[in-house]
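S.K.: Fold the stuff below for me.
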Amino acid sequence: MLKRSIVASALIVAATSCTTAESPDQPISQMCSHSRTSTEGKLVQRMLGTEQYKINIRNTNDDLTEKMNENLREWKPEISAPNIQTCALIPAYPKTSGGNTLGTEFSWTSRESPAPSGRPADTHSYYNLNGTYGESDETLAKLHIECDLPGELSTLSKRTLLVARSWNTAYTGPRESQDARDRQMHYLHLMARKATDALGCENEPLEKDPVIKGFETPEEAAEAAR
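M.R.: Numbering: from 1, shown residues only. Predicted structure coming up:
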């Protein structure tokens, strides 16, 4: 199992059913793990504004796979599937009071092309990551991913999209920041790639490294694929 390096101690938070892994030698969920010097580690530090943070593990790779598969079996187009959270990264010394969290979650939705928010460019940017579409502002990002699963879930998975979301309530920077939006989308892509690997998406939708470039409209993002 992968390991990561962040200074502190390890504890089990029974009240919220999550594990906090902070020791350099503490094994944690592969979904949540990263090296401090990796692309993901450097990105997290930039987004949280600190090198010191803890990781609350909401669900391990196996947990995510089991719950997402079960939710897909029970999925109905008219009912929103539950969101399954994976990790919550929390600064050791928050800059603001209240929630200061960089987190991710996953769910299913209909593959009948869910409409983008259509929010103007001064509040949102739109992305085309090698054919996977998403949108982001400075604190929230979303991707709709075609994830073709094998076996009994094959037919159902081809009727749905994997929805990946990330949020960063620790962000204290300026609004209308394209760099912040790009970082939010870049982080979500890295986490969503881990999720598609854990779930076993046969089409490998996020395998290629994307160009993280925000567009002002969904139409411009779609045009970039042509």
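S.K.: Off-centre distance for stretch 163-171?
M.R.: 7 Å (C-alpha atoms, centre = their mean, to the nearest Å).
S.K.: Show me what it is in contact with.
M.R.: 47-49, 83, 90-91, 94-96, 98-109, 134, 138-145, 180, 184, 187-188, 191-192, 195 (C-beta atoms under 8 Å, 6 or more residues apart in numbering). Heads up, the C-betas are built off the backbone N, CA and C, glycines and all.
S.K.: And stretch 131-140, end to end?
M.R.: 20 Å (C-alpha to C-alpha, to the nearest Å).
S.K.: just to revisit the earlier point, buried members of the contacts of stretch 163-171 into ChimeraX, please.
M.R.: Buried residues within those, as defined by 16 or more other C-beta atoms under 10 Å, are selected in ChimeraX through the command that follows:
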select :47,48,49,90,91,94,100,101,102,103,104,105,106,107,108,134,138,139,140,141,142,143,144,145,180,184,187,188,191,192,195
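S.K.: Can you report how many residues lie near Arg36?
M.R.: For Arg36, the tally of surrounding residues (other C-beta atoms under 10 Å) stands at 15.
S.K.: What of Ser80?
M.R.: Counted with other C-beta under 10 Å, residues neighbouring Ser80 total 11.
S.K.: Just to check, His34 is in contact with Gln45?
M.R.: No: contact between His34 and Gln45 fails when scored by C-beta atoms under 8 Å: they sit 10.4 Å apart.
S.K.: ok, those two, which is more surrounded?
M.R.: Here His34 and Gln45 are set side by side on neighbour count (other C-beta under 10 Å), and the busier one is His34, at 26 against 18.
S.K.: my guess is the more buried one is in a strand, correct?
M.R.: No: per DSSP: H, G, I helix; E, B strand; the rest coil, His34 lies outside any strand segment and is coil.
S.K.: Show me the helices in the chain, by range?
M.R.: According to DSSP state H, the chain carries its helices in the segments 39-48, 61-73, 154-157, 178-199, 218-223.
S.K.: of those, which approaches Gln30 most closely?
M.R.: Among the helices of the chain, the nearest to Gln30 by C-beta to C-beta is helix 61-73 (5.2 Å).
S.K.: any weak-confidence spans in this structure?
M.R.: Low-confidence regions of the chain, defined by pLDDT under 70, span residues 1-29, 94-98, 113-121, 225-226.
S.K.: hmm, 80 instead?
M.R.: Judged by pLDDT under 80, the chain has its weakly predicted residues at 1-30, 80, 93-99, 113-122, 224-226.
S.K.: which residues in this protein form strands?
M.R.: 11-13, 18-21, 53-57, 84-91, 102-110, 125-129, 132-136, 140-145, 160-168 (DSSP state E).
S.K.: so which of the ones you listed gets nearest Glu152?
M.R.: Smallest distance to Glu152 across these (C-beta to C-beta): 14.1 Å, for strand 160-168.
S.K.: between the closest one and strand 132-136, what angle do the directions make?
M.R.: Taking axes from the mean of the first three to the mean of the last three C-alpha atoms, to 10 degrees, strand 160-168 and strand 132-136 form an angle of 30 degrees between their directions.
S.K.: Quick check: neighbours of strand 160-168 in the sheet, parallel or antiparallel?
M.R.: Under the criterion DSSP bridges, strand 160-168 sits next to strand 102-110 (antiparallel), strand 140-145 (antiparallel) in its sheet.
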